[in-house]
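Colleague: Here is my input; please provide its structure:
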Amino acid sequence: AVVSTQSTGGIQTLASSAAPLGKVLDYLQEDLDSMQKELENWRSENKYHETAIKAEESHMEKTLEPLRDQLEDTEQQIIDMINKINSMKCNIHNNDQKIGQMLSTMSFTAS
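Modeller: Next up, the predicted model:
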């Protein structure tokens, strides 16, 4: 009879503990469902923003292309002008030497 009373008490304790555990498991499933929905929402938002970023990058590349071409042309023009300036400096130097030689020749002949 003592074992039966102890068993009955243990079963009652187990049953009273199992009921809240069942509710916790129900809430756990609800929480998992809620987290799954939230994950799907974040994935959807991420996909939307990735698409928006790709579209913006594409638009930016199309906008920058003519500017890059213009920059390349301008840089080439600068190189061409530097080459012309260097050529003119060389001509000026050569002409300076020729004038110096002519002046020294003229001073010898005048003496």
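Colleague: C-alpha from now on. contacts and neighbour counts both.
Modeller: Noted.
Colleague: so how far is the helix or strand where residue 53 lies off the chain centroid?
Modeller: Assigned by DSSP states H and E, residue 53 falls within helix 2-110. Counting by C-alpha atoms, centre = their mean, to the nearest Å, helix 2-110 is centred 0 Å from the centre of its parent chain.
Colleague: Could you number the chain from 4 rather than 1 from now on?
Modeller: With the count now opening at 4, the last piece we talked about shows up as helix 5-113.
Colleague: What is the burial count for residue 64?
Modeller: Burial of residue 64 is recorded as 13 neighbouring residues (other C-alpha atoms under 10 Å).
Colleague: pLDDT value on it, please?
Modeller: Residue 64 is assigned 97 on the pLDDT scale.
Colleague: Contacts only, for it.
Modeller: Contact analysis of residue 64 by C-alpha atoms under 8 Å, 6 or more residues apart in numbering lists nothing.
Colleague: which stretches of the protein have low pLDDT?
Modeller: Along the chain, segments meeting pLDDT under 70 span 4-6, 112-114.
Colleague: contacting residues for residue 96?
Modeller: Taking C-alpha under 8 Å, 6+ apart, we find residue 96 in contact with no residue.
Colleague: ok, 10 Å please
Modeller: By C-alpha atoms under 10 Å, 6 or more residues apart in numbering, residue 96 lies in contact with 90, 102.
Colleague: how much space between it and residue 90?
Modeller: In this view, residue 96 and residue 90 are 10 Å apart by C-alpha to C-alpha, to the nearest Å.
Colleague: again with residue 71
Modeller: With C-alpha to C-alpha as the criterion, residue 71 and residue 90 are 29 Å apart.
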